[in-house]
Every structure is written in structure tokens, then in C-alpha cells.
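Trainee: predicted model and sequence follow; I will ask about them next.
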Amino acid sequence: MLALLYSNQLQTAKKLIYQSTAPMISRLQRFDLRSHPDFFRIFRKVHSESFTVFYQHSQTFQVAVVVSKKVAKSAVVRNKNKRRMKAILLKNQEILKNRICVVVLKKDVSQLEFKVLRVEVEKVIDKVVN
């Protein structure tokens, strides 16, 4: 009886953890940069203060986020920047449908508030769509 109660609590805790995590980009939505090394020349560009978006029309929505070691030395900070940017792009997935977007960060955006970063990304998305 006690083991059953414990397993139910454990399952409930796992459900809460999975619900609270941000949605991931599916494999079909990930853009493979290694198979397209010349995307810098082919894609169109939109610049922002913190990042540059390279985009191209496509049949599907695909995303890649690039953060170099010059931007953030720590892998933890680079991954945090990527997660935040991918979360914003996934929220705007319907607007960006039929496009491939590669976001290259110019500076460390981990110091920016999430709301400020989201507003900046949405301004750039408007330029990409129009």
C-alpha cells in the first residue's frame, strides 16, 4: 500500500516536471548547419543590436541558433541563450511558417530580461515576414 502511494506521488511529480519545461524543437524543425555551410551567402539577412537572423523561404518551418565562444565563454551561458531564443521562436512559429531561420547572436543576451528580448525578436520577425 505504501509503495503504491509512493509510486503515485512520483508519477504526479514527473508529470509536473514535464509540464513545466519549455517545449523542444522537433527533429524536423531543426536546421542542420553542417549540411548547408554556405547559408551565410545564400540566405537573406536582418540585423538587430543583439543578433542577426538569416532566413529563406521553404516548405517547412526550421530553426537554428548559433552562439559562438566569443559571445559567451561558458557553455552553460551559451545553452541558456539558445534555449531562450528557441522558446521565443517557437512561440512565433505560426508567423514564421514556411521559412528557415538561423539566428546568430552577436552579444550575450542572458543579461537581458526575457520580455525585452522577446520584443526585440518580434521586431525582427516583422521585418522577416514583410
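Mentor: Great, that's in hand.

Trainee: pick out the residue nearest the middle of this protein.
Mentor: K86 (1.2 Å; Cα atoms, centre = their mean).

Trainee: beta partners for A64?
Mentor: Note on A64: beta-bridge partners by DSSP bridges are V102.

Trainee: helices of this protein, start to end?
Mentor: 2-20, 39-42, 75-91, 114-129 (DSSP state H).

Trainee: before we move on, back to that, could you report the pLDDT at the residue nearest to the centre of the chain?
Mentor: pLDDT, K86: 93.

Trainee: was I right to think it contacts I25?
Mentor: Yes. At 5.8 Å, K86 counts as touching I25 under the criterion of Cβ atoms under 8 Å. Placement of C-beta: from N, CA and C, glycine included.

Trainee: joint contacts of the two?
Mentor: V63 (Cβ atoms under 8 Å, 6 or more residues apart in numbering).
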